[in-house]
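>>> pasting a predicted model and its sequence here:
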Amino acid sequence: MERRNDDELTAIEEQTADEAIRRLLARYGQPTSVAPPPDLTARVLARLPDKPPAAAALAERQRRRHVRVLVGMLLSVLLVLLILGSWGVLVNSSGPAELLGGVTSAVGQLVLVLVLAAKPLVHVLFAPGVTLLLPGVLLVASAVWLWWQLVQQTSLAQPVEA
């Protein structure tokens, strides 16, 4: 009795199956042999990547890590500016400069410049128009997303009537 979970063919079974398929295809004049194009090797070699896949994946991971670090640094600078600007708007513009040696020191002047530069950013973010704009943008974005989901699920073919 044969085992039913044995998926491999023996050499005789493989040869018999191959001959049966060749006889079946011979009725239709198949397969017809076609000579490969003369520049096939050159085309294949031209499409091969310059780097091995492992090296390309490593380079991509490093690039992504660098982008994440850069974005983190930019967000950190923006957060510091927002904190300094908020302090300048709500409390005192020279307060952070006084912590770092006063307005007369070089570091204090730099911090004062940063506070004064961040004040308009804080005013824009806390303006009533911006706070009302955010829900509107979210509403429009969700409507566009829902519309796109409907477009993707809708078939382009006309329904066939029975």
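Received, thanks. The model shown is predicted, which means the values in this text are computed figures rather than measured ones.
>>> residue 114: how many residues sit nearby?
Neighbours of residue 114 under the rule other C-beta atoms under 10 Å: 18. Bear in mind the C-beta positions are built from the backbone N, C-alpha and C, glycine included.
>>> tell me which helix or strand of the protein sits lowest on mean pLDDT?
Least confident helix or strand, the chain: helix 95-99 with a mean of 80, by mean pLDDT, DSSP states H and E.
>>> in that one, which residues are buried?
96-97 (16 or more other C-beta atoms under 10 Å).
>>> what is that helix packed up against?
Contacts defined by 3 or more C-beta pairs under 8 Å, 6 or more residues apart in numbering; DSSP states H and E place helix 95-99 against helix 53-90, helix 106-125.
>>> kindly export that helix (C-alpha atoms) in PDB.
C-alpha atoms of helix 95-99 as PDB (Å, rounded to 0.1, in the frame of the first residue of the first chain):
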ATOM      1  CA  GLY A  95      14.000  84.800  31.800                       C
ATOM      2  CA  PRO A  96      15.900  82.100  29.900                       C
ATOM      3  CA  ALA A  97      18.700  84.400  29.200                       C
ATOM      4  CA  GLU A  98      19.000  85.400  32.900                       C
ATOM      5  CA  LEU A  99      19.500  81.700  33.700                       C
END
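>>> tell me the pLDDT at the residue nearest to the spatial centre of the chain?
Nearest residue to the geometric centre of the chain (C-alpha atoms, centre = their mean): residue 64, 10.1 Å. Here the pLDDT value assigned to residue 64 is 94.
>>> how about the secondary structure of residue 101?
State at residue 101, reduced to three classes by DSSP: H, G, I helix; E, B strand; the rest coil: coil.
>>> run through who's touching the least confident helix or strand of the chain.
Applying C-beta atoms under 8 Å, 6 or more residues apart in numbering, the contact partners of helix 95-99 are 84, 87-88, 103, 108-109, 111-112, 115.
>>> what about 10 Å?
83-84, 87-88, 92, 103-105, 107-116 (C-beta atoms under 10 Å, 6 or more residues apart in numbering).
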